[in-house]
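Participant: Need coordinates for the below:
(chains A, B and C)
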Amino acid sequence: MVNYAINKITLRQRLREYKKKPISFLLLLIVGLAALFSATALVFIIIYIIIMGVPHLTPDLFALKYNSDNVSCMPAIINTLIITVLTLIISVPFGIGSAIYLVEYAKRGNKFVKVIRTMAETLSGIPSIVYGLFGMLFFVTALHWRISLLAGAFTLAIMVLPTIMRTTEEALITVPDSYREGSFGLGAGKLRTIIKIILPSAMPGILAGIILAVGRIAGETAALLYTSGSATGTVSSIMDSGRTLAIHMYVLANEGLHTDQAWGTAVVLLILVLVINTLSAFIAKKLSSKN
Amino acid sequence: MRLNRIKEMAMQGVFLLTAITSIAAVVLICIFLFYNGVPAITEIGFLNFVGGQKWAPTNVPASYGILNMIIGSIYVTAGAVVVGVPIGVLTAVFLARFCPAPLYKVLKPATELLAGIPSIVYGFFGLMVIVPFIREHFGGGSSLLAASFVLGIMILPTIIGVSESAIRAVPESYYEGALALGATRERSVFKAILPASKSGILAGVVLGTGRAIGETMAVILIAGNQVQIPSSLTDGVRTLTANIVLEMGYSTGLHRQALIATGVVLFVFILIITLSMQAIKSRSEKYG
Amino acid sequence: MDKFTIKNMNLYYGDFHALKNVELNMQEKRITAFIGPSGCGKSTLLKSLNRMNDLVEGCKITGDIKLNGEDIYGSMDVNILRKRVGMVFQKANPFPMSVYDNIAFGPRTHGIKNKRELDRIVEETLRDAAIWDELKDRLKKSALGLSGGQQQRLCIARALAVKPEVLLMDEATSALDPVSTGKIEELCLRLKDKYTIIMVTHNMQQALRISDKTAFFLLGEMIEYNDTDLIFSSPQDKRTEEYITGRFG
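Facilitator: You can find the predicted model right below:
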């Protein structure tokens, strides 16, 4: 008696089965082709931009000064950094604060919570150009901040608020109740429990969300065009207008005069955003494998 | 002890206040958009505005009809759906049901990374690669076709993500039930699992539609931006979003207000999409 | 005549030896019941008979399983096998579509497209499953709106619609109330004129009430297999006796 597995399906058996059911085979084929297309689209875009752009990553592209002969992207990189930090300073406390309220304070099934969730969902559905319009009308015009990094940062802060809120909420929910009970059991108050126990253990998830928001900020164009504007050069104060890297990219692409530099800038922007996104996914994954 | 209690109460209040920001933000956005946009609509006349085919804000007298842009947005969005939905849903089916585990570890992050590419990069890529390709092979260049194709790729990650979780949420017993009747793997997936996940997939499609209709920077670089109702796929087209960005920089007076009103129309479209999205969601929660 | 013959069959889930040297012949147009405590391998054996175990990662089977003398793990098309050997699951799993479409799913799968033919099959199988009178006015309604017992009988009808030779029932009544259970037991007794039924049950009274043959399993081994009344009246093995008298399990 030979002791071999009889329930292994060999490739040949499968092929024979598909021969009898050609439609099933066709379905498998188109499903596989669709997935192949999706993956190819990503790889093609990234590789194409890298191949076209890397040769143009000259030292001139990173010169500290911008002028019309050398459209350096360095000032734009610095502006992007400033606007990212500003946006996070504004949005992170609000995002984390609302998530804490929703998860730790609000009662389950509360009507108010439902309203907040609906609003956050509405916010995340609003296109960036509408944020741009609002920022222009409210921060730039109504508050008289003029076109400035600050106006851009506030506009972006509202835009990334739902992202930070949602990821923080998810991170807080995964903190086991036993942590809370343990802390309350030692006589710690709610506030102390949240600050000392819950936030630290939810930190990686919150961080992943913040990094995701950074990725959105760095890649954003439409919301900034009429709030922080497209002035060249490095700003001297946050009340100045200054273009971010993505806006710089848009202006170059739109003018069509500096195609080489545009390719170079595209590489910088693409790599920057992809690294940020991968980092966020990596942290989130590490977190989920730890639990 | 007393002090502690006050501190607790105060912080709870602070957290509550931060939670209210999202409500405040939505309310503020609505107020400012409508306050600045609606007067223009009344001045131009609602029907002249959304039904007018002539957009000539610098003419004397000026005309402010955005029908062409509304139709442009609808066309481009429909085109993106035609490209993105079949590929996205089928990719989701592959990821959820047919993908070998080692491949999944590569493919899944790849589809997510697609969402991370900034729209301006998509637009630039479209401008430098897709548009010349179309010009060479079909004529035209910057066109409805270019915009549909690039937007179709841009909405892929949304559709893939939502559809995949919808497919994964279907109880395995449906699959087993179909197999036990002698159906092939593929038939079981397409005839038993997909019908059961259709409301989730629909939610993904709606979400993708919202992204496509609101997309600005990619479209502006590749759609041609001519104010016209395109008569063929290779004709140029201007969307609502493009209209705002293209002219806001130099507009004044009623022209500027008309652009903000264009934003209001776009915003109403998005609100309708968000509402139907929530309706689908609560429906699928109710009926499994 | 023997419908299924199992020889020297072993089944592993990875390193776990779930079924050990099973030898079993099951007769045509009879009801055979598998009993035993949870985890004894009875459901696993049942799922090997229509190759549903193929879905389980790391499942390995050795030995011989034949249906009418044909090796079901050999050159037989697995989809044809599953058409010939129908299955009813522990939890009723009607598809989220209409009653009609549920029944028609199998015939359509196997190439029947003609509407009149489908109408005929739907009516016939629903009558066969003794549920026609209850459902004839709601054929177009969603099957998810039926009661638990009706859903399970619908699933039996769905399995019958592809004209199987054998019907596997995996604790098909364990989630149902006594009245629904009674209806399904009655149905089984009527169906055995036409079909071979093999059932896994937790409920020894059920095995005693409706089965012709009973096999008792313990820790992956088949301990005893005999006519049902003999198993329950004079078990040969001490472990069988202990189980049926309720000393464990």
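Participant: quick check, C:M199 in a strand?
Facilitator: Yes: counting by DSSP: H, G, I helix; E, B strand; the rest coil, C:M199 is part of a strand.
Participant: number of nearby residues for the residue lying closest to A:G264 once chain neighbours are set aside?
Facilitator: Leaving aside its chain neighbours, A:G264 sits nearest to A:H56 (3.6 Å; criterion: CB to CB, 6 or more residues apart in numbering or on different chains). Glycine gets a C-beta too; all of them are placed from N, C-alpha and C. For A:H56, the neighbour count with other CB atoms under 10 Å in any protein chain shown is 18.
Participant: quick one: A:H56 and A:W263 touch, right?
Facilitator: Yes: at 5.2 Å, A:H56 and A:W263 qualify as touching, with contact defined as CB atoms under 8 Å.
Participant: can you tell me how far the residue nearest to A:G264 sits from A:H258?
Facilitator: Separation of A:H56 from A:H258 (CB to CB, to the nearest Å) stands at 10 Å.
Participant: same thing with A:L137?
Facilitator: Separation of A:L137 from A:H258 (CB to CB): 32 Å.
Participant: Return the residues in contact with residue 281.
Facilitator: Since no chain was named, I'll use chain A. Residues in contact with A:A281, defined by CB atoms under 8 Å, 6 or more residues apart in numbering or on different chains, are A:208, B:109, B:112.
Participant: Hmm, no, I was thinking of chain B.
Facilitator: Neighbouring residues of B:K281 by CB under 8 Å, 6+ apart: B:A203.
Participant: Tell me where the model's unsure across chain C.
Facilitator: Under the criterion pLDDT under 70, the flagged ranges of chain C are C:248-249.
Participant: Contact partners for residue 167?
Facilitator: Since you didn't name a chain, this refers to chain A. Counting by CB under 8 Å, 6+ apart, A:T167 touches A:205-206, A:208-210, A:212.
Participant: Please refer instead to chain C.
Facilitator: C:L167 makes contact with C:85-88, C:156, C:159-160, C:191, C:195-198, according to CB under 8 Å, 6+ apart.
Participant: re the thing from before, with neighbour numbers in mind, choose between A:L137 and A:H258.
Facilitator: Comparing A:L137 with A:H258 by other CB under 10 Å, the one with more neighbours is A:L137, at 23 against 18.
Participant: For that one, report the pLDDT, please.
Facilitator: If you check A:L137, the pLDDT there is 95.
Participant: Now do the SS call for it.
Facilitator: helix.
Participant: And the pLDDT at A:L279?
Facilitator: Per-residue pLDDT puts A:L279 at 88.
Participant: before we move on, what about B:V89?
Facilitator: Looking at B:V89, its pLDDT is 97.
Participant: Can you name every helix or strand that the host helix or strand of it contacts?
Facilitator: Assigned by DSSP states H and E, B:V89 belongs to helix B:67-93. Secondary-structure packing of helix B:67-93 (3 or more CB pairs under 8 Å, 6 or more residues apart in numbering or on different chains; DSSP states H and E): helix A:22-53, helix B:46-51, helix B:144-154, helix B:156-168, helix B:198-214, helix B:240-248, helix B:253-287.
Participant: Please identify the most buried of the ones you listed.
Facilitator: Sort these by mean neighbour count, taking mean count of other CB atoms under 10 Å in any protein chain shown, and helix B:144-154 sits at the top with a mean of 27.
Participant: Backbone dihedrals for the residue of the stretch 51-200 of chain A found nearest chain C, both of them.
Facilitator: Closest residue of the stretch 51-200 of chain A to chain C, CB to the nearest CB: A:G109 (25.3 Å). As for A:G109, its main-chain torsions (degrees, to the nearest 10) stand at phi 70, psi 10.
Participant: for C:D170, same thing?
Facilitator: Here is the backbone geometry of C:D170 (degrees, to the nearest 10): phi -100, psi 90.
Participant: residue contacts, it?
Facilitator: Residues near C:D170 by CB under 8 Å, 6+ apart: C:43, C:46-47, C:87-90, C:199-200.
Participant: who does it bridge with?
Facilitator: Applying DSSP bridges to C:D170 gives these bridge partners: C:V200.
Participant: Could you report the distance from it to chain A?
Facilitator: With distances taken as CB to the nearest CB, to the nearest Å, C:D170 is found 18 Å from chain A.
Participant: How is C:L24 assigned, secondary-structure-wise?
Facilitator: Classified using three-state DSSP, C:L24 is strand.
Participant: Is it in contact with C:E224, as I believe?
Facilitator: No: with contact defined as CB under 8 Å, C:L24 does not reach C:E224; the gap is 11.1 Å.
Participant: list the residues that contact both of those two?
Facilitator: Common neighbours of C:L24 and C:E224, counting by CB under 8 Å, 6+ apart, are C:A215.
Participant: so is C:F217 in a helix, a strand, or just coil?
Facilitator: Per three-state DSSP, C:F217 ends up strand.
Participant: quick one: the helices in chain A?
Facilitator: With DSSP state H as the criterion, chain A has helices at A:11-20, A:22-53, A:74-100, A:111-125, A:128-135, A:149-174, A:177-185, A:190-192, A:199-219, A:245-255, A:259-290.
Participant: Distance across stretch C:46-64, terminal residue to terminal residue?
Facilitator: Distance across stretch C:46-64, first residue to last, is 14 Å (CA to CA, to the nearest Å).
Participant: how far does it sit from the chain's center?
Facilitator: Distance, stretch centre to chain centre, for stretch C:46-64: 15 Å (CA atoms, centre = their mean, to the nearest Å).
Participant: Sort out which residues of that stretch are buried, please.
Facilitator: Buried residues in stretch C:46-64, defined by neighbour count with 16 or more other CB atoms under 10 Å in any protein chain shown: C:46-54, C:59-64.
Participant: circling back to that earlier point, helix or strand next in line after the helix holding B:V89, which one?
Facilitator: Past helix B:67-93, further along toward the C-terminus, the next helix or strand under DSSP H and E is helix B:101-116.
Participant: Can you name the element that comes right after that following helix?
Facilitator: As assigned by DSSP H and E, the chain's next helix or strand after helix B:101-116 is helix B:119-125.
Participant: right, is that next one up against chain A?
Facilitator: Yes: Helix B:119-125 reaches chain A (CB under 8 Å from any CB of the partner chain) through B:119-125.
Participant: Then C:N226 would be within a helix, right?
Facilitator: No: looking at C:N226 with three-state DSSP, it is strand, so not inside a helix.
Participant: From the structure, what's the count of residues near it?
Facilitator: Neighbours of C:N226 (other CB under 10 Å): 16.
Participant: Surely A:I194 touches A:G97?
Facilitator: No: contact criterion CB under 8 Å: A:I194 and A:G97 do not qualify, at 10.7 Å.
Participant: any bit of the one helix or strand B:A40 maps to sitting next to chain A?
Facilitator: Taking DSSP H and E as the criterion, B:A40 maps to helix B:2-44. Yes: applying CB under 8 Å from any CB, one finds that helix B:2-44 is in contact with chain A at B:4, B:7-8, B:11-12, B:14-23, B:25-26, B:28-29, B:32-33, B:36.
Participant: Where does the stretch 51-200 of chain B get nearest to chain A, residue-wise?
Facilitator: Across the stretch 51-200 of chain B, the shortest distance to chain A (CB to the nearest CB) belongs to B:P118, at 2.8 Å.
Participant: Spit out the contact partners of that residue.
Facilitator: Taking CB under 8 Å, 6+ apart as the criterion, B:P118 is in contact with A:218-221, A:246, A:269-270, A:273.
Participant: and those as JSON lines, adding pLDDT?
Facilitator: Formatted as JSON lines, those follow (pLDDT from 0 to 100):
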{"residue": "A:A218", "pLDDT": "94"}
{"residue": "A:G219", "pLDDT": "94"}
{"residue": "A:E220", "pLDDT": "95"}
{"residue": "A:T221", "pLDDT": "95"}
{"residue": "A:A246", "pLDDT": "95"}
{"residue": "A:L269", "pLDDT": "94"}
{"residue": "A:L270", "pLDDT": "94"}
{"residue": "A:V273", "pLDDT": "92"}
